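Colleague: I'll drop the sequence and a predicted model, then ask my questions.
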Amino acid sequence: MMTISFLMCIFTAKLMGMQVAADTAVTCAGCTTDYKPAAGKECADLKKYLNCLETAAGPKDGCTLSEVDAKKIKAATCTTDFASPCTCLKEFWGRGPTVGNECGSLKNYAECLNKEADAACGVGSKASVIVVSVTGRLESKCSSGASSLGMYSAIASFLPFVLTAFRL
């Protein structure tokens with residue numbers, strides 16, 4: 001019986017560690033520090049910055065930009081083509097931290113990205129890849145209940161103790 005309990009502990013630890021994390025080598029502050037649009041490369045630099053922010057935000061926590069940084073994004077202009085999903089990223093990241101409806105903003109962002117599933121903003125990920133992280137943040141911050149995986153993890157974490165207590 002001890003073997004079953006031991007295996008359940010290993011299974012539970014593995015299950016709870018399944019969440020995808022943001023790229024730890026990329027931070028929101030690092031993206032902001034690195035964003036210095038060069039003359040003639042404003043659009044390429046903005047695309048790189050927006051992709052960096054999205055990578056740093058990851059699927060759970062997100063990033064909060066200062067009002068000044070959000071205004072830089074909103075005010076940025078491009079002389080070359082700047083189409084979706086870049087416009088989705090620019091609108092979301094340029095909204096500013098004082099917007100009270102973060103859940104609504106994330107939902108609109110996800111809907112915008114879903115329309116452009118096969119497109120990418122410059123050399124960044126396709127919209128279909130980005131929307132997975134955005135949906136994760138939406139569920140993490142705006143879900144009124146536990147996700148099925150979260151509920152399963154909670155149940156699975158108590159299973160070894162139940163098995164041990166009843167020696168099953």
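Modeller: Received the coordinates, thanks. Numbering: from 1, shown residues only.
Colleague: only C-alpha atoms from now on, for both contacts and neighbour counts.
Modeller: Noted.
Colleague: which SSE is immediately downstream of the least confident helix or strand in the chain by mean pLDDT?
Modeller: Counting by mean pLDDT, DSSP states H and E, the weakest-scoring helix or strand in the chain turns out to be helix 2-16, with a mean of 43. Downstream of helix 2-16, the first helix or strand assigned by DSSP states H and E is helix 28-34.
Colleague: tell me which residues in that next one are buried?
Modeller: Going by neighbour count (16 or more other CA atoms under 10 Å), the buried part of helix 28-34 is 28, 31, 32.
Colleague: got it, and stretch 90-99?
Modeller: 90, 91, 92, 93, 94, 95, 96, 97.
Colleague: what does stretch 31-48 give?
Modeller: Residues 31, 32, 35, 42, 43, 44, 45, 46, 47, 48 are the ones in stretch 31-48 that count as buried (16+ other CA under 10 Å).
Colleague: so which of those are in helices?
Modeller: 31, 32, 42, 43, 44, 45, 46, 47, 48 (DSSP state H).
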